[in-house]
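S.K.: Just need the structure, nothing else, for what follows:
(2 chains)
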Number of protein chains: 2
Amino acid sequence: MKAIEGGICAVKGVKAYGTKEGKMGLAIMLAKGPAAAVFTRNKVKAAPVVVSGEHLKECGQMFNGIIANSGNANAFTHEQGIKDAISMANLLADKLKVDPHTIGVSSTGVIGRPMNMKWYTDHFEEVFKNLGNTPECSEKANRAIMTTDLVPKSYAVELEGGIRIGGIAKGSGMIEPNMGTMLSFIFTDAKLSHDELQERLKIAVDKSYNMIVVDGDTSTNDNVFIIATGESGRPDMSKFQEGLEKVCMELAKKIARDGEGATKLIEVTVEGAKSVEDARKAAKAVVRSPLFKSAVYGKDPNWGRAVCAVGYSSCDVDPRKVTLEFSNGKDSIKLVDAGIPKSDEATLAKAKEIMGFDPLYVKVSLELGDAKATAWGCDLTHEYVNINASYTT
Amino acid sequence: MKAIEGGICAVKGVKAYGTKEGKMGLAIMLAKGPAAAVFTRNKVKAAPVVVSGEHLKECGQMFNGIIANSGNANAFTHEQGIKDAISMANLLADKLKVDPHTIGVSSTGVIGRPMNMKWYTDHFEEVFKNLGNTPECSEKANRAIMTTDLVPKSYAVELEGGIRIGGIAKGSGMIEPNMGTMLSFIFTDAKLSHDELQERLKIAVDKSYNMIVVDGDTSTNDNVFIIATGESGRPDMSKFQEGLEKVCMELAKKIARDGEGATKLIEVTVEGAKSVEDARKAAKAVVRSPLFKSAVYGKDPNWGRAVCAVGYSSCDVDPRKVTLEFSNGKDSIKLVDAGIPKSDEATLAKAKEIMGFDPLYVKVSLELGDAKATAWGCDLTHEYVNINASYTT
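M.R.: Residues are numbered from 1 along each chain as shown, chains lettered A, B, ... in the order given. Model (predicted):
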């Protein structure tokens, strides 16, 4: 497996394009084949999530493409929202002369405002006529779905034998996916059925998107779609899984690093847990803690906050066995060694120095079992407050 | 029932005093009688929490007093921490010539640093010799336990018939109590057994301290102690419960309002829920949401974030039935009316105006049942990040 350029357009059979103007954006991604998706578990589901779920069921899990917009989440928009989401699918279906149920719909932006359908309709032709399969086309689609994101996020791999998997994603705030995450679109030219895709996607999502936290807010709009065009034939399944997980994890890390206002990525690995569930809960509690996130921003070696978060995560922990280590990837420092805290000046100075690097790696060893998990997050900064104190105004 | 001045010293049989110097502080509270307490559910428990729990068991639940310090949480301090917590109790027990098990110990401050026992020992005499039962003495004890708190927090009531209940509290960050909260000490001159106190305290704590969130971090050190001196005789139990809940709720609200960096108190009431558990989860999800807290700070009428938080709280919700209202206590505005969003300019302008007031009242009606709960929190501000980016340095 090797990383390749080109985003989703690295995958055979995919065409994409998008346009962005202020907060408004429209993207189209075409790919014909079996599709699968995971959606937010928020009980207040956005209209496009509801409509896409229905479409997947109605079309025999075969998609022709996806239409996605930024500028409006089309969430909490009552019956009109459902009508608007269907209209978005119809726009693309009419043009392609296909069953509208074979189109996925996806939205991000402010909640509770009516869709400005005129803007999307007015810009549809411009996007459609530019659809292509170049790296630039992938980036155009990627940029069209950005909100407070600072950078577009894409990742693609080529497996041994030539099969490719590529994805794009957006996500910056309202991020603690409980299933999918914000918007992510993955394509592969492997030949796979819907059932295979759904099963593989679920496993990959649990290790990637479901392990990132920016602010602990689970969105109404989270989705991850995957479509397999089949143009490169059957894959070796374990290699495909490895490749899919790589794409999902890299995209998830990019979302965490681009968390609203973030200056660094925080990667927390919990090992020696009694169960994977325990390890996940503990790792996510640390990356979710506003106190720890603020301390990382300020390079304040207040490591007790990380241990405190593990303690309230509901994972099994024996404080006398815990080891805690900070690292910048080269250099590392133990702050707690088998339960014994190291709070001398030299240790704290070293920890402060390491906290200046991006990313910051945090390792917690519980010594209670063999299970392990990694979660990703970012620091909490003044800029996060700036962005979110005036999002709609 | 009426509110009275004097804090814990309004209660017959209570003496208190404290001293504060920079981040270091020492408080002593004397009261003889049946005692009860609730402690943090964090699995990493601070040494004073462990020691106080043991003491309550060993002394037949009869206390002579409490010694509390700020400047060091004495949490994650290994065996030395336990020794230091016992030494703190011994300091007071030796002076009073009583069994050390009749003394409660309580700490707040940085985690994972050894206690500076010399400072506490050096200042013990000064505090002890000034013990008294004036309102000033209560305030001295109150100020001695402050960390990032901007104001001391006390509240007292007199029940019909003369029985009094008074409490002090501290708490500003690392606040999402799951049992007790930061430090709170309540006294009453009612004559009550330990079992009665414990039962009554648990009910009151669930409605008050357990319903506030500043940052979602559950501390290693949370505690609420209550001691009944008995000097005013047996209370009417329902009136006592009402008075105890009033004291706990007023102190909890003061903690939320004094959340690190806060400019306003947010009171969220969820009604029409299927169960009280559901209502509590939904109300706490809204006051916990960093996105909603930031929006309140910036007076950004981005009300969709409140509805989104209700949706991911795991409480039962039917978006078509939800009503959402913001109020400043006098004026109010409906942002969602039985599922229909109101996002016209006039409504948003009115919401923005109301969001300028302190406190901000948020009411969510689910129309699914009769259960109701209220939670308290505060806005998320630049100052929160300032405080927590450099707490230890």
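
S.K.: Any idea how many residues pack against the residue nearest to residue A:113 when sequence neighbours are not counted?
M.R.: Once flanking residues are discounted, residue A:113 sits nearest to residue B:343: 4.9 Å by Cβ to Cβ, 6 or more residues apart in numbering or on different chains. Yep, even glycine has a C-beta here, placed from its N, CA and C like the rest. Residues near residue B:343, counting by other Cβ atoms under 10 Å in any protein chain shown, number 20.

S.K.: Show the pLDDT at residue B:343.
M.R.: You'll see residue B:343 listed with a pLDDT of 83.

S.K.: Confirm it sits in a strand?
M.R.: No. With DSSP: H, G, I helix; E, B strand; the rest coil as the criterion, residue B:343 is located in coil rather than a strand.

S.K.: can you pull the contacts of it?
M.R.: By Cβ atoms under 8 Å, 6 or more residues apart in numbering or on different chains, the contact list for residue B:343 reads A:112-114, B:335.

S.K.: What segments of the stretch 201-350 of chain A are strands?
M.R.: A:223-228, A:265-273, A:323-327, A:332-337, A:340-341 (DSSP state E, counting those that start in this stretch).

S.K.: Highest mean neighbour count out of those?
M.R.: With neighbours defined as mean count of other Cβ atoms under 10 Å in any protein chain shown, those peak in mean count at strand A:223-228, which reaches a mean of 30.

S.K.: pLDDT averaged over that one - what is it?
M.R.: What strand A:223-228 shows for mean pLDDT is 86.

S.K.: Equivalent analysis for stretch A:98-117, please.
M.R.: 92.

S.K.: buried residues in it?
M.R.: Neighbour-count burial for stretch A:98-117 flags A:98, A:100-113, A:115, A:117 (criterion: 16 or more other Cβ atoms under 10 Å in any protein chain shown).

S.K.: Sketch out the low-pLDDT regions of the stretch 201-350 of chain A for me.
M.R.: For the stretch 201-350 of chain A, the stretches flagged by pLDDT under 70 are A:214-219.

S.K.: Near chain B, which residues of it? Just list them.
M.R.: By Cβ under 8 Å from any Cβ of the partner chain, the residues of the stretch 201-350 of chain A that approach chain B are A:215-220, A:288-291, A:294-295, A:297-298, A:300-305, A:307-312, A:314-317, A:319-320, A:335-336, A:339-341, A:343.

S.K.: Narrow these to those that are buried.
M.R.: Neighbour counting by 16+ other Cβ under 10 Å classes A:215-220, A:288-291, A:294-295, A:297-298, A:300-305, A:307-312, A:314-315, A:317, A:319, A:335-336, A:341, A:343 among those as buried.

S.K.: follow-up on the earlier one: strands - which of the buried residues of stretch A:98-117 land there?
M.R.: Using DSSP state E, the members of the buried residues of stretch A:98-117 that fall in strands are A:103-108.

S.K.: any chance of those in CSV, with distance to chain B too?
M.R.: Below are those laid out as CSV (distance: Cβ to the nearest Cβ, whole Å):
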residue, distance to chain B
A:103, 24
A:104, 21
A:105, 18
A:106, 17
A:107, 12
A:108, 12
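
S.K.: Of those, just say which sits nearest to residue B:251.
M.R.: Here the nearest of these to residue B:251, counting by Cβ to Cβ, is residue A:108; it sits at 41.2 Å.

S.K.: who's in contact with the residue in the stretch 1-150 of chain A positioned nearest to chain B?
M.R.: Nearest residue of the stretch 1-150 of chain A to chain B, counting by Cβ to the nearest Cβ: residue A:111, 2.4 Å away. Residue A:111 makes contacts with A:46, A:73, A:75-76, A:220, B:302, B:304-305, B:307-308, as judged by Cβ under 8 Å, 6+ apart.

S.K.: And the helix or strand that residue A:48 is a member of, what's buried?
M.R.: Assigned by DSSP states H and E, residue A:48 belongs to helix A:47-58. Residues of helix A:47-58 classed as buried by neighbour count (16+ other Cβ under 10 Å): A:47-52, A:55-56.

S.K.: what do you get for stretch A:70-88?
M.R.: Judged by neighbour count (16+ other Cβ under 10 Å), stretch A:70-88 contains these buried residues: A:70-78, A:81-82, A:84-88.

S.K.: pLDDT of that stretch, averaged?
M.R.: The model assigns stretch A:70-88 a mean pLDDT of 93.

S.K.: same thing with stretch A:359-376?
M.R.: Rounded mean pLDDT across stretch A:359-376 is 96.

S.K.: What number of residues are in the vicinity of the residue nearest to residue A:6 when sequence neighbours are not counted?
M.R.: Using Cβ to Cβ, 6+ apart and skipping the chain neighbours, the partner closest in space to residue A:6 is residue A:135 (4.4 Å). Number of residues near residue A:135 (other Cβ under 10 Å) recorded here: 17.

S.K.: With residue A:349 instead?
M.R.: 12.

S.K.: just residue A:11 next, same as before
M.R.: 30.

S.K.: what do you get for the one 10 residues further on?
M.R.: Neighbour count of residue A:21, defined by other Cβ under 10 Å: 11.

S.K.: what pLDDT does the residue lying closest to it once chain neighbours are set aside get?
M.R.: Nearest residue to residue A:21, sequence neighbours excluded (Cβ to Cβ, 6+ apart): residue A:123, at 7.7 Å. You'll see residue A:123 listed with a pLDDT of 98.

S.K.: Likewise for residue A:39?
M.R.: At residue A:39, pLDDT is 86.

S.K.: what's around it, how many residues?
M.R.: Using other Cβ under 10 Å, residue A:39 is surrounded by 21 other residues.

S.K.: Helices along chain A, start to end?
M.R.: Shown for chain A, the helices assigned by DSSP state H span residues A:47-58, A:78-96, A:117-129, A:135-144, A:194-207, A:237-257, A:276-288, A:290-297, A:304-312, A:345-354, A:382-389.
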